[in-house]
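Asks: take this sequence and fold it.
(2 chains)
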Protein chains: 2
Amino acid sequence: MPADVSPSYLFVPDLGPPGTGLALSGSESHYLARVCRARVGDVATATDGRGAAAVLRLTSVGVTVRAEVESIDREERSRRAWMWCGAPEGARADWLVEKLAELGVEVWQPLNCERGEWALGSDRRGRWERLAIAALRQSRGRFLMELREPVELSMAVTRTPAEAGRWVASEQGRKGLAPPGGGLSIGVVGPAAGFAPGEQKTLEAAGFEPIRLADGRLRSETAALAWALWWSLG
Amino acid sequence: MPADVSPSYLFVPDLGPPGTGLALSGSESHYLARVCRARVGDVATATDGRGAAAVLRLTSVGVTVRAEVESIDREERSRRAWMWCGAPEGARADWLVEKLAELGVEVWQPLNCERGEWALGSDRRGRWERLAIAALRQSRGRFLMELREPVELSMAVTRTPAEAGRWVASEQGRKGLAPPGGGLSIGVVGPAAGFAPGEQKTLEAAGFEPIRLADGRLRSETAALAWALWWSLG
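Replies: Numbering: from 1, shown residues only, chains lettered A, B, ... in the order given. Here you go, the predicted structure:
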């Protein structure tokens, strides 16, 4: 009897309507054939990272696994979070990217600030992509986190969508704020050395509300995760 | 003029009343002399990790820095959190220990479960201690997180203080619960493979309330941090 090879959950960027034939990527093929020991006729679940989840029926199993889309449905995001984050110390951003992706954050936006610039090698970008995809699969989510290139704070503020709710993590902020409901929410965290006074004014003028997320001082990456978790409680 | 060598914040397990003379540890001495370039007569702040914060006046600066307690005050914890946590995959517990310490969790209790046992080398214990101390200093906290040895879930439950509020992270739990106010709160997270049915019954019978902390599935270490952050919002 053909089996459902769940808990397999695949990332397949290009799905398609029922009946579409797919050749899965090397990593997804390896996972199905070697880790799950899937067979022809088994079914697996896949997302395209843009809101679709599909049931796939495997049509051949080998170095490349082939499958056919049996059914597919699509969701829109009802709640959206963007994280703008100054550079933390060392390589602490890697796990942050993983955790934000796991929590369903829509956009990861590194911020270059007066007191801290991102130093991103091309290898880091690739590593973040792999971490985001692994987190999507792990959490069985439907939306792959979008990884943006670093920008200056002032540039990010200029591009803020008008409808976005906005918060900045701060020790001087208010505690006990209720998490936002639907729509777009932006959380901002400074670099390890903090925002410069001019940057604080820029954020204030743009309506970012200071929020205090814990009693002690938090490292940048902890504050970023704290904001995302606060958002995820809504 | 003697300077305040803040942002230095030291961990000195044995402080004492004003007038007490102290010989600081190698790491604290190195930090003051080499990183902060402190001089005789400078002041620094120190905690004993058990609620005290003291102002120290440096009396000699060298390989060993000596200081005198100028003033000291002590606080009690008004809110206390214990984290019981099954083993996550790989070495993911290291950063979790760091983050929980940063958030002011009182007790870190690894849980051995049917579907996951902790494999702790003596080096890991030492590393956790260093991470907890670094997080205490970073967050300028007053309480060093207590690191307990792994126990079975049933043993941990037997030892639960009667007055403790209690929650277990679960995808099937309730969302939108208000964080606890004062007193002792215990958060429980299963190992990567989840709790066995018998363990779930044990927790239920002991009054642990299932709480859902995010919309997707969370890895063990993310769920543990999510619970601690939820607690820290109270």
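Asks: from here on, just use CA atoms for contacts and neighbour counts.
Replies: Fine.
Asks: centre of the chain to the longest helix seen in chain A, how far?
Replies: Among the elements of type helix in chain A, defined by DSSP state H, the one spanning the most residues is helix A:122-138. With C-alpha atoms, centre = their mean, to the nearest Å as the basis, helix A:122-138 stands 9 Å off its chain's centre.
Asks: strand partners of whichever helix or strand comes after that helix, parallel vs antiparallel please.
Replies: Next along the chain after helix A:122-138, taking DSSP states H and E as the criterion, comes strand A:146-147. Sheet pairing for strand A:146-147, assigned by DSSP bridges, gives strand A:107-112 (parallel).
Asks: show the average pLDDT along the partner strand.
Replies: For strand A:107-112, the per-residue pLDDT values average out at 97.
Asks: and the nearest residue to residue A:179 once chain neighbours are set aside, how many neighbours?
Replies: Sequence neighbours aside, residue A:234 is the residue nearest to residue A:179 in space, at 4.8 Å (criterion: C-alpha to C-alpha, 6 or more residues apart in numbering or on different chains). Residues within reach of residue A:234, counting by other C-alpha atoms under 10 Å in any protein chain shown, total 16.
Asks: which parts of chain A are strands?
Replies: All strands of chain A, identified by DSSP state E, fall at A:4-11, A:21-23, A:43-47, A:52-60, A:66-74, A:79-86, A:107-112, A:146-147, A:151-152, A:165-174, A:183-189, A:209-211.
Asks: got the angle for the fourth one vs strand A:43-47?
Replies: Pointing back at strand A:52-60 there. Angle, strand A:52-60 to strand A:43-47, by axes from the mean of the first three to the mean of the last three C-alpha atoms, to 10 degrees: 140 degrees.
Asks: contacts only, for the residue nearest to residue A:179.
Replies: In this structure, residue A:234 makes contact with A:178-181, B:176, judged by C-alpha atoms under 8 Å, 6 or more residues apart in numbering or on different chains.
Asks: beta-bridge partners for residue A:47, please?
Replies: As for beta bridges, residue A:47 partners with residue A:11, residue A:53 under DSSP bridges.
Asks: for it, give its distance to residue B:86.
Replies: The spacing between residue A:47 and residue B:86, counted by C-alpha to C-alpha, to the nearest Å, is 29 Å.
Asks: how about residue A:112?
Replies: From residue A:112 over to residue B:86 (counting by C-alpha to C-alpha), the distance is 38 Å.
Asks: who's more crowded, those two?
Replies: Applying other C-alpha under 10 Å to residue A:112 and residue B:86 shows that residue B:86 carries more neighbours, namely 32 against 24.
Asks: that older thread, drop anything exposed from the contacts of residue A:234.
Replies: A residue is treated as buried here by neighbour count (16 or more other C-alpha atoms under 10 Å in any protein chain shown); on that basis the buried members of the contacts of residue A:234 are A:179-180.
Asks: now render the contacts of residue A:234 as JSON lines, adding pLDDT and distance to residue A:33.
Replies: Written out in JSON lines, the entries for the contacts of residue A:234 read as follows (pLDDT from 0 to 100; distance: C-alpha to C-alpha, whole Å):
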{"residue": "A:178", "pLDDT": "89", "distance to residue A:33": "46"}
{"residue": "A:179", "pLDDT": "90", "distance to residue A:33": "42"}
{"residue": "A:180", "pLDDT": "92", "distance to residue A:33": "42"}
{"residue": "A:181", "pLDDT": "86", "distance to residue A:33": "41"}
{"residue": "B:176", "pLDDT": "83", "distance to residue A:33": "41"}
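Asks: enumerate the residues of chain A near chain B.
Replies: Remark: the part of chain A in contact with chain B comprises A:99, A:102-104, A:138-141, A:175-176, A:213-219, A:222, A:226, A:229-230, A:232-234, using C-alpha under 8 Å from any C-alpha of the partner chain.
Asks: show me how to select, in ChimeraX, the buried members of those residues.
Replies: Written as a ChimeraX command, the selection of buried residues from the residues of chain A next to chain B, which uses 16+ other C-alpha under 10 Å, is:
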select /A:99,102,103,104,138,139,140,141,175,213,214,215,216,217,218,219,222,226,229,230,232,233,234
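Asks: no more questions from me, cheers.
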